[in-house]
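Enquirer: Have a look at this prediction, sequence included:
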Amino acid sequence: MRASSQKTILLATVSLVATQAFAADMLTEIGPGEGQVNIVAWPGYIERGETDAAFDWVTKFEEATGCMVNVKTANTSDEMVALMNEGGFDLVTASGDASLRMIAGKRVQPINTDLIPSWSTIDDRLKEAPWHFVDGTHYGTPYMWGPNVLMYNTEAFPEAPTSWSVVFEETTLADGQSNKGRVQAYDGPIHIADAANYLMAHQPELGITSPYELNQEQYDAALNLLRGQRELVSRYWHDAFIQIDDFKNEGMVASGSWPFQVNLLQADGVPVASVIPEEGATGWADTTMMHAEAENPNCSYMWMEHTLSSNLQSDLSVWFGANPSVPAACSDGSGMQTAEGCTTNGMDDFEKIKFWQTPVSKCESQGECVPYYRWVSDYIGVIGGR
């Protein structure tokens, strides 16, 4: 999604954010750590060696700063927003469909980039990305980005699927059996955008230009596609580890997924692979954002600086199968990642990914679009068979 397009949407979404009021409370220097930092994060984003001893970017931070890292994992953007609304957290690793809601709702505060020495190392494509940079103000530190991939079982698909049709339409697979009851879909309203992305290629007469900007006709078509998909879906997944178990033990053969699940399944010897089909893909660019009432701001700034360390970015890129916000992490030898690995993860495909954003009624591509609250209620209806 072009930055200019999202900036226009953003101004409509987050008009008149009280930046000046926030700025009065912005730290101008980092003091002693408070002893802890409480973070809401996607699964797999903050590792301390418990899943795999080779991946630990928490222990040394705690030893160096005295800030103990407490993590609450969240499986959807809606869950992240709810947790940040409840309070009690300092930071959140928010995707674009959550970050703008939290900025508009004043749940997160501007950050002082002068207190983050490694800010200059961030990918220029992310420094002022419209999902965290609003009205000239930074509301977070870029962390990691990547596509929502099509994960598939290589025994059911001897050749990589070329289309998302294998999860949207009934298909006879190479083993002679239907895909019905053997596919999954994401348990979150933002999945409507995946349906819209599919329709952009297969029903161009609808005139969809962004999967997040749908008029009523376009939206109805996406819901109808999802109602058909419901007949195929065995499970709507939101827990990455449950999806992993389903692909190991429950005969699942295809689903939208994250590279994180693909990596862990392959490490366990499960015959899976992933692909970005011909229709392209939605994706996420995640930002570490600070709660408006963070109780541990000094430790929070220390953590944001730590997240930009090249070795953390490199190892996290390998672990999650995503792209670092610090490009040097791909090739400087500080960690496990290589230039070839970043290319495989899609480092050069930034412009091709339709990054998650919150749908709003006043959209740029057309006069009136269906807003996100409708996506929430209607997707619940789809899952419930309505």
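Expert: Perfect, I can see it now.
Enquirer: C-alpha only now, for contacts and for neighbours.
Expert: Fine.
Enquirer: Skipping its backbone neighbours, what lies nearest A185 in space?
Expert: Of all residues not flanking A185 in the chain, Y236 sits nearest, at 4.9 Å (C-alpha to C-alpha, 6 or more residues apart in numbering).
Enquirer: Can you dump the C-alpha atoms of stretch 304-324 in CSV for me?
Expert: Extracted in CSV, the C-alpha atoms of stretch 304-324 (Å, rounded to 0.1, in the frame of the first residue of the first chain):
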residue,chain,number,x,y,z
MET,A,304,13.0,-0.2,22.0
GLU,A,305,16.7,0.6,21.5
HIS,A,306,17.4,-3.1,22.2
THR,A,307,14.9,-4.2,19.5
LEU,A,308,17.0,-2.4,16.9
SER,A,309,20.2,-4.2,17.7
SER,A,310,21.4,-5.9,14.6
ASN,A,311,21.8,-9.4,16.1
LEU,A,312,18.3,-9.4,17.5
GLN,A,313,16.8,-8.2,14.2
SER,A,314,18.9,-10.9,12.4
ASP,A,315,17.9,-13.8,14.6
LEU,A,316,14.3,-12.8,14.9
SER,A,317,14.1,-12.6,11.1
VAL,A,318,15.3,-16.2,10.9
TRP,A,319,13.1,-17.3,13.8
PHE,A,320,9.9,-15.7,12.5
GLY,A,321,10.6,-15.9,8.8
ALA,A,322,10.1,-12.2,8.5
ASN,A,323,12.0,-9.1,7.5
PRO,A,324,14.0,-6.9,9.8
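Enquirer: what's the neighbour count on E63?
Expert: 10 (other C-alpha atoms under 10 Å).
Enquirer: The residue nearest to A185 and Y186 touch, don't they?
Expert: Yes - using C-alpha atoms under 8 Å, Y236 makes contact with Y186 at a distance of 5.4 Å.
Enquirer: I'd like the distance between the residue nearest to A185 and E29.
Expert: From Y236 across to E29, the span is 45 Å (C-alpha to C-alpha, to the nearest Å).
Enquirer: Looking at the two, which is more packed in?
Expert: Between Y236 and E29, Y236 has the larger neighbour count (other C-alpha under 10 Å), namely 16 against 10.
Enquirer: who does the helix or strand encompassing that one pair up with?
Expert: Element membership for Y236 (DSSP states H and E) is strand 233-237. When pairs are called by DSSP bridges, strand 233-237 turns out to pair with strand 183-186 (parallel).
Enquirer: ok so, going back, mind listing what's buried along the next helix or strand after the strand holding Y236?
Expert: For strand 233-237, the following helix or strand on the C-terminal side (DSSP H and E) is helix 240-249. Across helix 240-249, burial judged by 16 or more other C-alpha atoms under 10 Å covers A240, Q243, I244, D246, F247, K248.
Enquirer: and the third one, what does it touch?
Expert: When contacts are counted by C-alpha atoms under 8 Å, 6 or more residues apart in numbering, I244 touches Q261, L264, L265.
Enquirer: Quick check: the second one vs N75, distance?
Expert: What that stands for is L264. As judged by C-alpha to C-alpha, L264 and N75 stand 17 Å apart.
Enquirer: centroid residue for the protein?
Expert: Centroid-nearest residue in the chain, with C-alpha atoms, centre = their mean: W284, separated by 3.5 Å.
Enquirer: does that one sit in a helix, a strand or a coil?
Expert: strand (DSSP: H, G, I helix; E, B strand; the rest coil).
Enquirer: still on that earlier bit, tell me which two of the buried residues of helix 240-249 sit farthest apart.
Expert: Using C-alpha to C-alpha, the buried residues of helix 240-249 span at most 12.5 Å, a distance reached by A240 and K248.
Enquirer: All the strands of the stretch 51-200 of the chain, residue numbers only.
Expert: Ranges of strands within the stretch 51-200 of the chain are 68-73, 91-94, 108-109, 133-134, 137-138, 141-147, 149-153, 183-186, based on DSSP state E, counting those that start in this stretch.
Enquirer: list the helices and strands the first one packs on?
Expert: Judged by 3 or more C-alpha pairs under 8 Å, 6 or more residues apart in numbering; DSSP states H and E, strand 68-73 is in contact with strand 36-41.
Enquirer: Check the longest one too.
Expert: With contacts taken as 3+ C-alpha pairs under 8 Å, 6+ apart, strand 141-147 sits against strand 281-291, helix 310-320, strand 323-324.
Enquirer: which of the ones you listed sits most buried?
Expert: Highest mean neighbour count among the helices and strands packed on strand 141-147 (mean count of other C-alpha atoms under 10 Å): strand 323-324, with a mean of 30.
Enquirer: Give the rounded mean pLDDT of that one.
Expert: For strand 323-324, mean pLDDT rounds to 96.
Enquirer: buried residues in stretch 62-82?
Expert: Those would be 62, 65, 67-69, 71, 73-78, 80-81, for stretch 62-82 by 16+ other C-alpha under 10 Å.
Enquirer: which of these sit farthest apart?
Expert: T65 and D78 (31.4 Å).
Enquirer: Who are the contact partners of L206?
Expert: With contact set as C-alpha under 8 Å, 6+ apart, L206 has these partners: L199, M200, E217, Q218.
Enquirer: Of those, which pair is most distant in space?
Expert: Top of the distance list for the contacts of L206 (C-alpha to C-alpha): M200 and E217, 13.1 Å.
Enquirer: How far away from the center of its chain is stretch 376-386?
Expert: Chain-centre distance of stretch 376-386: 22 Å, with C-alpha atoms, centre = their mean, to the nearest Å.
Enquirer: So in terms of bridging, what pairs with the residue nearest to the centre of the chain?
Expert: G146.
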